[in-house]
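Enquirer: Model the following, please.
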Amino acid sequence: MARRFPQDGYTDFVGRKDELTGIAATLAESRLVTIVGPGGVGKTRVALVAAGQAADHYPDGPWIVELSGLRDPALLPNTVASVLGLPEQDARSALDALLEYLRDRRLLLILNTCEHLLDACATLAQGVLRDAPGVTVLATSRQPLDMPGEHTFPIGPLPVPESDCLPLAGASVADGGDAVELFALRAATAVPDFAITPDNMADVIRLCRRLDGIPLAIELAAVQLRALPLGELLDRLNHRFTVLTGGRPGALPRHQTLRTAIEWSHELCSVAERRLWARLSVFAGAFTLDAAQEVCAEVSLERPDVLDALVGLVDKSVVLREGEQFRMLDTLREFGAEQLAASGELASCRARHIARYVAMARYFGVHFADNDQMDRYHELRQVHSNLRAALEYALESDEDPASAASLSASPEPDGMPGLAAGASGSSGSVVTAVAQERWGAGAELACSLYGYWQISGLLGEGGYWLTKVLDRFPAPGPERARALVNRGFLRSFQGDLGNALTDCEAGTAMARTIGDDGTTARGYQHAQLTLTYLGRHDEALKVTEEARARLRACGDQIGELMLVAQLGHLHQLAGRPAESVAVCAEGLAMLGPDSREQWLQTYLYNISGIALFQMPGREADCELMLRKGLAGKQELGDIIGTAYAIDGLGWLAQKTGSPSRAAWLMGAAEALWERGRSVRFSGTAVMEEFHQQAVAGAAAAIGAPAYAAEYSAGEVYVRELLDAGAGEGALRLDIP
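Expert: Here you go, the predicted model:
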């Protein structure tokens, strides 16, 4: 999906000296530069090399956001935020929160492959130009964003000599120009003993000219030397172009040249390789061999054939191997998607793709507290682009536009049984059985990822997909009920408490009416958390008992574990620290001493530690619990959970007579709260009071200037570490 800028750049980059000089000059004068050119011309490589050369001008670094796998423009701000390591912890729009983060930064934001998201990229760039004066946007696209302030920099093919023969007898590869040099480099990689000589130089020049100097076309041709001698390769290519253009090969437009080269490579593939090329186009971003075999084999007996064909496509450079994963260039994937649509296999292949990721999500949801929790979580994180693709495939509108357009959300019932009652809803359309089944798979996928959205901090994106589910299921039913209670759960962590409670109550009422006991129990559990955050502690305590009874009746141990953790937090916020510590101990005992589960354990450690802070004489126990919570939250990469632990350790340092350390810790926590885009402790008054007491005590003890210096040192240290490893999983903070 996306990554931090690769600092080592490209060691095999060829040519483009004039272009790089021009881009450097343009970046120095403009804050929005779009590198434009046809597919396969090398826009991404040029952008990365240019960014590497300009990196010293951007103290907060260059960052690249890969957009080729993103299809839904509404998720563009979320995607950029994820690259920058920003969890979605608040109820603001992702764009507003992103722009606030960028406001004081000095960085280069590279938006790679914008042509299918032009309006969304233009909106984002416009916001950056307006609100973040230190940020420069470098975009790559097949066409400009077409907005004020944009400077376009066209990139053309590599130059090719006009004459087939170089004038000097001792001419070298470099004398043949950049296109010939690129062919020589790639050909030597494909066939180690290949070299350009005076005898074959003319053929190489003719081949590069035939391909219009387009880098991707040249690379595809060079790989074919594994199977064909250079002379035969050129003859076949000449014939191919002559047939397609009525004998006028020199008149080909460049985009047609690339397509012709791709079609030619396609024809040189075996039938099995062509079929796999098409089927692999359903993947967004990287995929594993196991994923390719599961999605691209219609029956299990075809799996060995998939492996053989994949090896062939890797050999032909249609598929790139990156460690244990594989990837197709976007241009080649687009061509494969056309072939898949024409084959009549699109629906069945997408169905297998959806089924794979539904199964992964279902396992994670059902086994959320198992020992393999983190392995399964990291696996989901690696395939995030494909989770998105599966959700997009599953939740797209029905084939009948009029039917899809008639879907509209119905009013939700107010309240839940035991709090309030009533349920209603209606569907204004009839959809096909196939679409209904597909939407059902999308609903299961979005809802089964409840723990993934939570651990990853992608609360806003999770809510986005759950809202899509609600759009597809406007009438009362299990899918709508489950989506409502899950969306309410995510909204509570974002601080959108009023809407969170409305969702929980509506979903629970609906689930109870239709007899969905599991969703009803989870609805009460989620409502308990929201009531706790709202400060309605007595109501939350009553709902706790109802939720516990229903969760036990369903055998929902994970839900009960989550409820116990929430109850510990309720007691702590309500001023009952001893009860909080006891409940947290109960939760840890339910998990067991050998549990390798991380999310709930670290939650329990943090809550127990803060409760122990409230109990005189328990300082050593408080530090032990908060240290355990800190270690686990860092391993998770949970920025907000880490902030809880570090802020609590800051209070403890002040309480135990270490005001300088307290200042440093609270500065470090502030950087985490800021990066998490969260109000400190979700604005809970009790927690904020503890924090302010620690601030006042430390500042009084060492003086305001010394306090400010220590606070700033902690804040800067954590911010720099977050920038260095943003979006890369575990945090590696050295906390004294």
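
Enquirer: Can you report how many residues neighbour L665?
Expert: For L665, the neighbour count with other C-beta atoms under 10 Å is 29. Where you see a C-beta, it was placed from the backbone N, CA and C, and this is true even at glycine.

Enquirer: again, but for the one 5 residues further on
Expert: If you count neighbours by other C-beta under 10 Å, E670 ends up with 21.

Enquirer: three-state assignment of I205?
Expert: helix (DSSP: H, G, I helix; E, B strand; the rest coil).

Enquirer: Relative to A179, how far out is it?
Expert: The gap separating I205 from A179 is 8 Å, by C-beta to C-beta, to the nearest Å.

Enquirer: before we move on, what about H384?
Expert: The value you get for H384 to A179, if C-beta to C-beta is used, is 37 Å.

Enquirer: more crowded one of these two?
Expert: The neighbour comparison of H384 against A179 (other C-beta under 10 Å) goes to A179, with 27 against 20.

Enquirer: Please report how far that one lies from K17.
Expert: Where K17 is concerned, A179 sits at a distance of 14 Å (C-beta to C-beta).

Enquirer: Now stretch 362-377 - C-alpha only, CSV.
Expert: In CSV, the C-alpha atoms belonging to stretch 362-377 read as follows (Å, rounded to 0.1, in the frame of the first residue of the first chain):
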residue,chain,number,x,y,z
ARG,A,362,-13.2,-14.6,10.6
TYR,A,363,-10.4,-16.6,12.2
PHE,A,364,-8.9,-13.4,13.8
GLY,A,365,-12.3,-12.3,15.2
VAL,A,366,-13.2,-15.7,16.6
HIS,A,367,-9.7,-16.4,18.0
PHE,A,368,-9.0,-12.8,19.0
ALA,A,369,-7.5,-13.7,22.4
ASP,A,370,-5.5,-16.7,21.3
ASN,A,371,-1.8,-17.1,21.6
ASP,A,372,-1.3,-16.5,17.9
GLN,A,373,-3.0,-13.1,18.1
MET,A,374,0.0,-11.1,17.0
ASP,A,375,1.0,-13.4,14.2
ARG,A,376,-2.5,-13.2,12.8
TYR,A,377,-2.6,-9.5,13.3
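
Enquirer: on that earlier part again, touching both of I205 and A179, which residues are there?
Expert: Common contacts of I205 and A179 (C-beta atoms under 8 Å, 6 or more residues apart in numbering): V160.

Enquirer: pLDDT weak spots in the chain?
Expert: 1-11, 163-176, 240-257, 301, 398-430, 725-729 (pLDDT under 70).

Enquirer: make it 50
Expert: 1-3, 167-169, 244-252, 400-428 (pLDDT under 50).

Enquirer: So what touches stretch 696-710?
Expert: By C-beta under 8 Å, 6+ apart, stretch 696-710 touches A653, Q654, P659, S660, R661, A662, A663, W664, M666, G667.

Enquirer: Find the nearest non-adjacent residue to the fifth one, please.
Expert: Nearest-residue entry for R661: A653, 4.3 Å, with adjacent residues in sequence omitted and distances by C-beta to C-beta, 6 or more residues apart in numbering.

Enquirer: And L32, its phi and psi?
Expert: phi -140, psi 110 (degrees, to the nearest 10).

Enquirer: From A74, how far out is it?
Expert: Distance, L32 to A74, using C-beta to C-beta: 22 Å.

Enquirer: roughly how far is stretch 565-578 from the heart of the chain?
Expert: Stretch 565-578 has its C-alpha centroid displaced from the chain centroid by 34 Å (C-alpha atoms, centre = their mean, to the nearest Å).
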